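Give me a 3D structure for the following:
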Amino acid sequence: MPRDYVRRSKPKQNGRSSRSGGRGRAPERRIPWLALTLVVLLGASLGYLIYLVKGSADTRTATTAKAAQTTQSPPPAPVNPIDQRPVEKWRYIEQLENKEIVVDVPKEQESNVRYQMQCGSFRSADQAEQLKARIAFQGMVAQVRRTEGSNGVWYRVVLGPYERKRQAEQDKHKLLRANVNHCAIWNW
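Predicted structure coming up:
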């Protein structure tokens, strides 16, 4: 004979059904007496230790003061200048206020030394013109010069002439920031 296990139920306890999964009341929380006792003992021992240290410091100063009164103090020793802390006195401010610095600047000599900068040398005129255009976008004027040598025709992109090398260096750095590399400065 088949049994019906689903409808089978246990008797009710305290007017509640037993379908709650056998869960009863939650256990009551216990007070952790051991932990509380340890914390109180630790706090009390720390307080006692502070009391002892504080009390010993007071007695030491009192005993040293009494000992100093009972014994005769010797005359004070002469002060050693090495033991004293030096007093800083800054004198350079007064010295520099009235100081005049003379700098000899050499006069520029008239020379025929001029500088040029070559930024590229190409076999085709189109490549040289493209580089010239990139340089023009940076606000500088370049020239394309055609030269014939033993190994053929070359088209050189040249900037200048510059009176000073410093001017050529400034333009070179400006071109380097614009990714125009391989520029060389030479005397003309």
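
Need the CA coordinates for stretch 171-188. CSV is fine.
The C-alpha trace of stretch 171-188 is given here as CSV (Å, rounded to 0.1, in the frame of the first residue of the first chain):
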residue,chain,number,x,y,z
ASP,A,171,65.3,77.9,-35.2
LYS,A,172,66.8,74.4,-35.0
HIS,A,173,65.0,73.8,-31.6
LYS,A,174,61.8,75.2,-33.0
LEU,A,175,62.0,72.7,-35.9
LEU,A,176,62.8,69.8,-33.6
ARG,A,177,59.6,70.5,-31.6
ALA,A,178,57.7,70.4,-35.0
ASN,A,179,59.3,66.9,-35.7
VAL,A,180,61.6,68.3,-38.5
ASN,A,181,64.7,66.4,-37.6
HIS,A,182,68.3,66.1,-39.0
CYS,A,183,69.0,69.8,-39.2
ALA,A,184,72.7,70.7,-39.2
ILE,A,185,74.3,74.1,-38.7
TRP,A,186,77.5,75.0,-40.5
ASN,A,187,79.7,78.0,-41.2
TRP,A,188,79.3,79.7,-44.5
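
tell me how far that stretch is from the chain's mean position?
Centroid displacement of stretch 171-188 relative to its chain, using C-alpha atoms, centre = their mean, to the nearest Å, is 33 Å.

Now it: buried residues?
Neighbour counts over stretch 171-188 (16 or more other C-beta atoms under 10 Å) mark 171-172, 175, 180, 183, 185 as buried. In short, each C-beta sits where N, CA and C put it, glycine included.

Ok, stretch 100-115 next?
So for stretch 100-115, counting by 16+ other C-beta under 10 Å, buried means residue 115.
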